[in-house]
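any chance you can model this:
(one chain, ligands or ions: 1)
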Amino acid sequence: MADELTRHDAGPHAATWWTDAVVYQVYLRSFRDGNGDGVGDIAGLRAGLDHLVGLGVDAIWINPWFRSPGLDGGYDVADHRDLDPDFGTLADADALLSEAHERGLRVLLDLVPNHTSSAHPWFQAALAAPADSDDRGRYYFRQGRGHDGDQPPNNWTSAFGGPAWSRVPTADGEPGQWYLHLFSSCQPDLDWTHADVAEDFRETLRFWFDRGVDGFRIDVAHGLHKHGDLPDLPVGHASAAPGHPFWDRDQVHDVYRDWRSLADAYDPPRVFLAEAVADTVERRARYVRDDELHGVFAFDLLEARWTASDLRDAIDRTVAAHGEVTAPPTWVLSNHDVLRHPSRYARDQALVTGHNLVDVVDLQRDDELGDARARAAVLLLLALPGNVVLYQGEELGLHEVEDLPDDLRRDPVWERSDHQDPGRDGCRVPLPWAGDAPPFAFTSDPTVATGQPARWRDHTVAAMDRDPTSTLHLYRSALRIRRAHPALGVGAMSWVPADDGVLALRREPGFACWINLTDHPVRRPAGRVLLRSTAQADNGPDDDVWLRPHEAVWIDDPDVAAPDPLGTNG
Ligand code: TEU
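Below is the predicted model:
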């Protein structure tokens, strides 16, 4: 079936390759260890490239691999133009780029422009310099308020908990100025009104683009500019609402227009994918206006409960906002910052209040239900118009590791919350590749504590490869069909009327995705089944017109009319 169809995109050299691309997110530290030191690295990624080619993705996005103390998973960059020795060398990076390109995979890196590491030479120079010096001008150093300046300059708080300001001593050891850090105290915020900052990031972009990097994901793209007066955040001010003193300020768009012209000067043009949080989808879509960035994560599905109405609302909102700016949405279910989605779906959706482990940890879990919903979810994701980012390990059906030993927790959220919030390490556990016990061939050193649960013996790449009903095979099939089917990728979509608890969407020509979110069978239209989310092996006799509970199917040439009656047999 799908093999009979031909590839419908414009070919590997098309400047618009990203519009319907499937990008695979590589959290390098946990992907695969190539040198036996227990830490994932470039050598391991190179060894794993064929897994990604076999999966059928178009590109990879690699979380920050730059020189860094690694206090926030590499989002604390000390040198943007060199590799962290944990991961390899520039020569390794070059080898990876050429091996990926040989295999038709594009490579996106992760740019962290909102802050640097406190180990960055600029911050070290700032610490050594007096108050009000130019060296301090690249960051936000301010006098404190209150008696002796012992109160932070304003009431802003860090995304990781606690105040967004830390105080540094003067040269003679007295309490001195405060500096701003919207994340951890090892991540001082850059002042983007200082000319050096913009110039240095242009140099970083050119450095990597010249080496052949195809683009960047941009970290905290909504944060670069702050209100010049650094005013207190009014109590009750909605997160990122217009007028917010540090999120989603209009001046950030000037930065992206500048970067766009820099990227467009390359052949083929390089691309940007923004992590931008804004008050509304319309505000978020401003990041992908014609002369700005190419993509912005549509976090709406990642945040939506697994109910037909919530998913439909999230999709409609996103599609409408992107239609206004004529940029395709970038759909995503999981990433390195959130609870793995099968674990979110394993909970009673009426009780789920957020997308982190801390939000659900006390809720009862039905892992089988989570699996079924997650398998259906990826068929929804890949049927939507636009492009998609997958997070490493979702193709193996991995759940969050919720019982990680405390000594394996590295996320600054854990410490900054006084151990009230377990943080994001449970979705960053090393991938299982093969074998029956940890470390499941992630590393050659059997003594490394990875936190991988024993049950992952059924989730290794090797085990899933052997089982034709596995999640890995489901992803492979879905990606193969998506690449070949003329209706999938960019384009329009419409909803087909369906029962409560059923999502039915159509793409032209001749494709439908039907999803049953209920726990009873429902009718679906006749038509050739391209793929179903449940295991194919135990098809019942009536399966040609029924959707099983929690099942999604892709249908080729479905009847244009919805099935009649639309009733269930329940
Ligand atoms: O995340 C930015 C962000 O605002 C959140 O997703 C953040 O992780 C969350 O509020 C914390 O609970 C990006 C990166 O994706 C994240 O890994 C980094 O920690 C962060 O920036 C700082 O660079």
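
in the stretch 51-200 of the chain, which spans are helices?
Counting by DSSP state H, counting those that start in this stretch, the segments of the stretch 51-200 of the chain that form helices are 90-102, 121-128, 195-210.

give me the contacts around the longest one.
Applying CB atoms under 8 Å, 6 or more residues apart in numbering, the contact partners of helix 195-210 are 80-81, 109, 111, 113, 122, 138, 190-192, 216, 255, 258-259, 262-263, 266, 270. C-beta: built from backbone N, CA, C; applies to glycine.

OK, contacts around the residue of the stretch 351-500 of the chain found nearest the ligand?
Relative to the ligand, the nearest point of the stretch 351-500 of the chain is V413 (5.5 Å; CB to the nearest ligand atom). Counting by CB under 8 Å, 6+ apart, V413 touches F160, G161, D421, G423, R424.

that one belongs to a helix?
Yes. Checked against DSSP: H, G, I helix; E, B strand; the rest coil, V413 lies within a helix.

any idea how far I315 is from it?
30 Å (CB to CB, to the nearest Å).

what's near enough to touch Y139?
By CB under 8 Å, 6+ apart, the contact list for Y139 reads W122, F123, A126, Y179, L180, P188, D189, L190, D191.

quick check on those: which are buried?
Among those, those classed as buried by 16 or more other CB atoms under 10 Å are W122, F123, A126, Y179, L180, P188, D189, L190, D191.

find me the pLDDT at the residue in the chain positioned nearest to the ligand, would you?
Here the chain gets closest to the ligand at one residue, Y75, 3.2 Å apart by CB to the nearest ligand atom. On pLDDT, Y75 comes in at 98.

list the contacts of it.
Contact analysis of Y75 by CB under 8 Å, 6+ apart lists P64, S68, V112, F183, Q187, D219.

was I right to think the third one contacts G73?
No. Under the contact definition of CB atoms under 8 Å, V112 does not touch G73, with a separation of 10.6 Å.

which residues do the two both contact?
Residues within reach of V112 and of G73 at once, by CB under 8 Å, 6+ apart, are P64.

who's more crowded, the two?
The residue with more neighbours, out of V112 and G73, is V112; 27 against 21, by other CB atoms under 10 Å.

how about the more buried one, phi and psi?
Note on V112: its backbone torsions stand at phi -120, psi 80 [degrees, to the nearest 10].

return the distance of stretch 340-351 from the chain's centre.
The chain centroid and the centroid of stretch 340-351 are separated by 18 Å, computed with CA atoms, centre = their mean, to the nearest Å.

just the buried ones out of the contacts of helix 195-210, please.
The neighbour-count criterion (16+ other CB under 10 Å) marks 80, 109, 111, 113, 122, 138, 190-192, 216, 255, 259, 262-263, 266, 270 among the contacts of helix 195-210 as buried.

give the buried residues for stretch 391-409.
For stretch 391-409, the neighbour count (16+ other CB under 10 Å) marks 391-401, 404, 409 as buried.

let me redo that: stretch 193-202
H194, V197, A198, D200, F201.

which stretches of the stretch 401-550 of the chain have low pLDDT?
Along the stretch 401-550 of the chain, segments meeting pLDDT under 70 span 536-544.

show me where it has its strands.
Assigned by DSSP state E, counting those that start in this stretch, the stretch 401-550 of the chain shows strands spanning 494-495, 502-507, 511-516, 522-523, 528-532, 546-547.

now, of these, which is deepest in the fold?
Compared across the strands of the stretch 401-550 of the chain, strand 511-516 shows the largest average neighbour count, a mean of 27 (mean count of other CB atoms under 10 Å).

just the pLDDT at the residue of the chain most remote from its centre, thanks.
The centre of the chain is farthest from one residue, D172, which by CA atoms, centre = their mean lies 44.5 Å away. Model confidence at D172, given as pLDDT, is 92.

swap in T568?
We have a pLDDT of 38 for T568.

close to the ligand: what parts of the stretch 101-250 of the chain are there?
Taking CB under 6 Å from any ligand atom as the contact definition, the stretch 101-250 of the chain meets the ligand at V112, A159, F160, F183, D219, V220.
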